[in-house]
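J.: Sequence below, structure please.
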Amino acid sequence: MQYDFEWDSQKAKSNFTKHCVSFERAITVFRDPSAISIPDEEHSETEERWVTLGLDSSGSVLLVCHTFKMESIALCKIRVISARKAEKSEIMQYNE
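T.: The predicted model follows:
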């Protein structure tokens with residue numbers, strides 16, 4: 001499957017300032033075959049949101065909030081909303 005990523009540039013800047021994680025780095029978690037994606041029902045009032053825990057390209061576990069839309073059988077469009085380093089409990093969940 002191929003992924004097409006997008007995000008708001010202002011949100012990307014504020015996310016980097018707050019969490020020191022760029023969206024360019026965050027999208028590398030989608031290459032992790034062990035990544036865990038779950039629906040984010042708490043924040044899905046106006047759109048279906050997801051949370052993905054996965055290893056980024058540098059080997060850190062990140063938590064990425066995003067939307068997910070199948071454009072075709074071979075293409076998935078992902079809009080990144082936020083990204084941060086995973087907390088200890090989230091890292092433990094990822095490692096289970």
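
J.: so how far is stretch 24-43 from its chain's centroid?
T.: 4 Å (CA atoms, centre = their mean, to the nearest Å).

J.: which other residues reach that stretch?
T.: By CB atoms under 8 Å, 6 or more residues apart in numbering, the residues outside stretch 24-43 that reach it are 3, 5, 48-58, 62, 64-65, 68, 78, 80, 83, 93-94. The C-beta positions use only the backbone N, C-alpha and C, and glycine is treated the same way.

J.: So S37, which state does it fall into?
T.: The three-state assignment at S37 reads strand, by DSSP: H, G, I helix; E, B strand; the rest coil.

J.: how far away is it from T17?
T.: Distance of S37 to T17, computed by CB to CB, to the nearest Å: 26 Å.

J.: more neighbours, those two?
T.: Counted by other CB atoms under 10 Å, S37 and T17 do not tie: S37 has more neighbours, with 15 against 8.

J.: Next one, pLDDT for the more buried one please.
T.: Listed pLDDT for S37 reads 96.

J.: One more: the one 3 residues further on?
T.: With respect to pLDDT, D40 has a value of 87.

J.: same question, M1
T.: 82.

J.: Does it touch L75 like I think?
T.: Yes. Contact status for M1 versus L75: in contact at 7.4 Å, counting by CB atoms under 8 Å.

J.: who's more crowded, these two?
T.: L75 (12 against 9).

J.: Does the more buried one touch F68 like I think?
T.: No. Counting by CB under 8 Å, L75 does not reach F68; the two are 11.8 Å apart.
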